[in-house]
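Enquirer: kindly return the folded structure for what I paste below:
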Amino acid sequence: MTGMRMAAPLLALRQGYSAVLVGVLLALFALTQVFLALPSGRYADKHGLKRPVMLSVLASSLGALLAAIWPVFPVLCVSALLCGGATGVAIIALQRHVGRLSRDVHEMRLSYSWLAIGPAASNLVGPLAAGVLIDASGFPAAFALLAVLPWFAWFAVRHEAPMPAAEPIVHDPDKRAWDLLAEPGFRRLLIVNWFLSASWDMHTFVVPLLGHERGISASAIGAILGGFALSAALIRMVLPWLAKRWQEWQVITLAMLFTCVLLALYPLAHAAWAMGMMSALLGLALGSVQPMVMSSLHQLLPPDRQGEGLGLRLMLINASSVAMPMLFGSLGAWLGVAAVFWCGAATVGAGSRLAWGMKKTA
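Expert: Sure, this is the predicted structure:
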């Protein structure tokens, strides 16, 4: 999916589509996840890990293959829906599986830190491989390679033994997932998570626009996004060490402040190497957040409602990921690409007060 999120918008730009339509295309990667988040959680509860992953592999591989055969804008939109939805289903199944494997809070924090390296590594492999192949052989070859990658996921889990069935939970019909928003700490956590998720989405969307505007090659754009992903993976490897010394609210607050500064400076980096350096630093800041958010979520909510909270979080984040690229595209067309970065910096900077307020619930 990360390779498709770089290659599909870049192809649309080269075909002459506007930044607004490219924003719509990018938003479609998150649209199906909005509607599938809660049903996917229930499906994973019923069927475990392997069946959701297998369906995700089939859907994402088909999406990339369609783009390779018919690299036109309407097909790219279908590919975005398939790849995005498949990734959301697989993530929920994996997060549920890892949560059940963990024996205590400390082990869960470590497990989620290791699990978070996977998406960070994919943000390196997908865009970089796609960019190199686009420059070497064209877009269809890049899409064909991306159609193969999901099968490595199935190869990794095909022999995973099924876990014992969970103890059945008696659900109160008067309780709804949205009722969790009445918990102030959980509500604050979701808002902070949204600020940082929107910054991640903005970087993914705006870097291809900025690179296209400055005449940077596809492989260089892929390398810039890959540097972001590599940094995010590296910081997640040291998070278990940080988690022993710092609390979640401290890591998240520092991440928001660094993100604010880096987004403000990003448009001033004109050369590809300078953009790569800013991208790598931003990866360090944003890559540290997700494991801390997951750990905080599990501490804030009762055990019998953590699955609902996980699905609600993913649904709200992906609803934002639908709307934000269209907003970024409109701002970019109206005010310029640099203004998108500066608006993002101001928003994250203002939101850092909420992260500091998480100290009260720690």
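
Enquirer: can you read off the pLDDT for the closest residue in space to residue 283 that isn't next to it in sequence?
Expert: Using CB to CB, 6 or more residues apart in numbering and skipping the chain neighbours, the partner closest in space to residue 283 is residue 231 (3.1 Å). The way it works is simple: take the backbone N, C-alpha and C, and place the C-beta from them, glycine included. If you check residue 231, the pLDDT there is 87.

Enquirer: over to residue 68?
Expert: pLDDT, read off for residue 68, is 94.

Enquirer: just the element for it, please.
Expert: Counting by DSSP states H and E, the element that carries residue 68 is helix 50-69.

Enquirer: pull the distance from that helix to the chain's centre.
Expert: Average the C-alpha atoms of helix 50-69, do the same for its chain, and the two points are 18 Å apart (CA atoms, centre = their mean, to the nearest Å).

Enquirer: helix or strand right after the helix or strand containing the residue nearest to residue 283?
Expert: Using DSSP H and E, residue 231 sits within helix 218-245. Next helix or strand after helix 218-245 toward the C-terminus (DSSP H and E): helix 248-265.

Enquirer: what packs against that next one?
Expert: helix 184-213, helix 272-287, helix 289-300, helix 337-357 (3 or more CB pairs under 8 Å, 6 or more residues apart in numbering; DSSP states H and E).

Enquirer: out of these, which gets nearest to residue 108?
Expert: helix 289-300 (6.4 Å; CB to CB).

Enquirer: which residues sit against the closest one?
Expert: With contact meaning CB atoms under 8 Å, 6 or more residues apart in numbering, helix 289-300 is reached by 95, 99, 105, 108-109, 112-113, 115-116, 183, 185-186, 189, 192-193, 196, 236, 239, 243, 248-249, 251-252, 255, 306, 309-310, 313, 358, 361.

Enquirer: repeat for stretch 114-124
Expert: Residues contacting stretch 114-124 (CB under 8 Å, 6+ apart): 1-2, 91, 94-95, 98, 225-226, 228-230, 232-233, 236-237, 239-240, 283, 287, 290-291.

Enquirer: which of the residues in it are buried?
Expert: 115-117, 119-124 (16 or more other CB atoms under 10 Å).

Enquirer: out of those, which are inside helices?
Expert: Those of the buried residues of stretch 114-124 mapping onto helices are 115, 117, 119-124, per DSSP state H.

Enquirer: export those to TSV and tack on pLDDT and distance to residue 77?
Expert: Below are these laid out as TSV (pLDDT from 0 to 100; distance: CB to CB, whole Å):
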residue	pLDDT	distance to residue 77
115	81	30
117	77	31
119	79	23
120	72	27
121	78	27
122	83	22
123	76	22
124	77	26
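
Enquirer: OK, contacts around the residue lying closest to residue 130 once chain neighbours are set aside?
Expert: With sequence-adjacent residues excluded and distances taken as CB to CB, 6+ apart, residue 130 is closest to residue 3, at 4.0 Å. Counting by CB under 8 Å, 6+ apart, residue 3 touches 64, 125-127, 129-130, 142, 145-146, 149.

Enquirer: chain center to stretch 189-204, what's the gap?
Expert: That offset, for stretch 189-204, works out to 9 Å (CA atoms, centre = their mean).

Enquirer: so for that stretch, what gets flagged as buried?
Expert: 189-190, 192-204.
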